[in-house]
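just a sequence and a predicted model for now, questions to come.
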Amino acid sequence: MNIPLMTIPLILAGKEIRDGLRNRWVVAATLLMATLALSLTFLGSVPTGTVGVGALDVVVVSLSSLTIFLVPLIALLLSFDAIVGEVDRGTMSLLLSYPVSRVQVVLGKFLGHVALLAFATLVGYGAAGAALVLTGTDTGAEGWRAFAGLIGSSILLGAVFIALGYLISALVRDRGAAGGIAIGLWLVFMLVFDMALLGVLVADQGKTVTVGLLNWLMLANPADAFRLFNLTGTSQVSQFAGMAGIAGQLQLGPLTLLAVLAGWTAVPLAAAALIFSRRQI
Amino acid sequence: MNASATNVSSAHASVVIDQVTKIYDARAALNQVGLRLDPGQCVALVGHNGAGKSTLIKLMLGLIRPTHGQVRLLGEDPAGAHAARLRRAVGYLPENLAFHPSLTGRETLDFYARLKGVARTGNADLLARVGLEAEAARRRVGTYSKGMRQRLGLAQALLGRPRVLFLDEPTTGLDPALRQVFYEIVQELRAAGVTVLLSSHALTELEGQTDRIIVMNRGVKIADGTLTDLRHLADLPVRIRATGAQAGTVAEALGPLARVEPDGRAVECLCAGGDKVAVLRRLTSLPLADIAVTEPSLDELYAHFLRREQAA
């Protein structure tokens, strides 16, 4: 009697999803995202309606900024407790006494948490898209492509920070410390990194930091990779985001940016699984 | 006595621990421990908090690896490549039992059954067997009392008819009725050939429930044997109390250790286990109303082994 390899992760993912639905975590996250997305959509489309730019492009720009701050925060809050919390409460030693490998545990949790985050993003941002259609706003195929790209890459950015949260959770022995490090990591990628980069650029005056180097430096922050992907994705969006100048010099295609985000997910996830596998319970 | 664990053929043993040392942060949680558990045996693991009981169970489950030495569960390494297959034949009730509070009792058991690859059809019977009623099984585990959680804990440990069962402090904090249910189930399992290892520091309730007792102290095994073996080894005095006849005559028959109780009605004496029969023979010729013989309790034996260890 051999259980197929993916059965266990799927059972574990199902349990995480049920947990998330039961403790109203998903409801809260979805409502938060929908509320913010809807308010940005309507506030954003009031002034642009007169200019005649496809409102959807504006929405993509505003929602990208929302994603960059909100999605990593939700993802980290969801994931920082996943391993250290279960070890602490004692549910982990029971789970691991079952025919379950630790890699399967990490993978199962990841699938479940990404599904929860994807649901919140789809419904939350979908509400904004639906509102645009209902109000009869001019959209257009390119706008929808950018919108779909936004939702997909938002989920991918969420996956990055879920994986980073597991890495913290696997490394740390104390739940409080894990929470603190998660918030610290969020601040670093949201604020500190970009400010430091800006500082370097100003101080350097373009002597050593070339455009090529800057491109690579920005990839060291998944939030910047996300920003580049969405704000330079289409010509209209990039013009509207004030990123047209950068888009012209950008040597990285959208596929490269997505691959970078996928790498930012896979590497921390693998590291979390490896560290957890060697951890004493 | 310590050597007996490993020099016997271990082909059919459920668990073999061979000269295992486990070091946590430069402190030895277990030091050169060897033991063996056989099918159909119910073994009690006894010791203070921190004596190494839970560490030993986690090693047997493969949750942690030994620093030195070897652990074999059903003939294989519990932390090795076949760990998943082995764990389908194992049940475990952890010391600090915790479930996911948002699932109901029934959902919790179904979840663990699926992980173990066991059909869920038997789960209702299993819940009934540990005394969780259908109404309780529909409630969320977050609302459960300690006793109900422990019942659910036992139910999940019994999933899939395990061949080896590890129960870490299973009866701590349980009411006497539930404790009774607990030991009834353990007896049934033992009769069915299951190896049951239960750790406890509530010693008195273990008497008559276990085939063998292993005493741990600060990571070292200090005694291992049946209750009779341990009594023999400890050679603690037996307490004999006689009532009914004239106190002076009884005291004379009992010898120099006899002590007449203040009310003058009973005589008590402590005699060595080996002298017990001779003393009783002398007493039976007297016109006594009653004789009570009290063997040293498990608590006394445990205290004795600890004292001996500290003196060494």
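Yes, it's here.

around chain A, pick out the residues from chain B.
Selection of chain B residues close to chain A by C-beta under 8 Å from any C-beta of the partner chain yields B:24, B:58, B:61, B:63-64, B:83-85, B:87-88, B:90, B:92, B:94, B:96-100, B:102-103, B:107, B:111-112, B:114-117, B:156, B:166. No exception for glycine: its C-beta is placed from N, CA and C like everyone else's.

filter those to the buried ones?
Among those, those scoring as buried are B:58, B:61, B:63-64, B:83-84, B:87-88, B:90, B:92, B:94, B:97-100, B:102-103, B:107, B:111-112, B:114-117, B:156, B:166 (criterion: 16 or more other C-beta atoms under 10 Å in any protein chain shown).

of the residues you listed, which belong to strands?
Per DSSP state E, strands hold the following members of those: B:Val90, B:Tyr92, B:Phe166.

per-residue pLDDT, residue 144?
Here I'm looking at chain A. Looking at A:Trp144, its pLDDT is 84.

nope, chain B
93.

which helix in chain A has the most residues?
The longest helix of chain A (DSSP state H) is helix A:102-134.

so for that one, what gets flagged as buried?
Counting neighbours by 16+ other C-beta under 10 Å, one finds that the buried residues in helix A:102-134 are A:102-129, A:131-132.

downstream of the worst-scoring helix or strand of chain A on mean pLDDT, the next helix or strand is which one?
Scoring the helices and strands of chain A by mean pLDDT, DSSP states H and E places helix A:244-249 at the bottom, with a mean of 57. For helix A:244-249, the following helix or strand on the C-terminal side (DSSP states H and E) is helix A:254-278.

which residues of the chain score low on pLDDT?
Since no chain was named, I'll use chain A. Low-confidence segments of chain A (pLDDT under 70): A:1-3, A:44-55, A:137-139, A:233-251.

if you could check chain B rather than the one you did, that'd help
The model of chain B has pLDDT under 70 over residues B:1-11.

break down it into its strands, ranges please.
Here chain B has its strands, by DSSP E, at B:15-24, B:27-37, B:42-46, B:68-73, B:90-93, B:164-168, B:195-200, B:212-217, B:220-225, B:238-243, B:259-260, B:266-271, B:290-294.

now chain A
Assigned by DSSP E, the strands in chain A number zero.

quick one: name the residues of it near chain B.
Residues of chain A that fall close to chain B, judged by C-beta under 8 Å from any C-beta: A:1, A:3, A:8, A:11-12, A:15, A:18-19, A:22-23, A:89-91, A:93-101, A:280-281.

buried ones among the residues you listed?
A:3, A:8, A:11-12, A:15, A:18-19, A:22, A:89-91, A:93-101, A:281.

so which of those are in helices?
A:8, A:11-12, A:15, A:18-19, A:22, A:89, A:91, A:93-96.

could I get the residues you listed as CSV with distance to A:Ala272?
Below are those laid out as CSV (distance: C-beta to C-beta, whole Å):
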residue, distance to A:Ala272
A:Ile8, 17
A:Ile11, 20
A:Leu12, 15
A:Lys15, 19
A:Arg18, 23
A:Asp19, 19
A:Arg22, 25
A:Arg89, 19
A:Thr91, 18
A:Ser93, 18
A:Leu94, 20
A:Leu95, 16
A:Leu96, 15
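
so B:Ser102 makes contact with A:Arg22?
Yes: using C-beta atoms under 8 Å, B:Ser102 is in contact with A:Arg22, at 3.8 Å.

ok and the residue in the stretch 101-250 of chain A nearest chain B?
A:Ser101 (6.5 Å; C-beta to the nearest C-beta).

residues touching that residue, list them.
Taking C-beta atoms under 8 Å, 6 or more residues apart in numbering or on different chains, we find A:Ser101 in contact with A:Ile8, A:Ser277, B:Ala83, B:Ala84.
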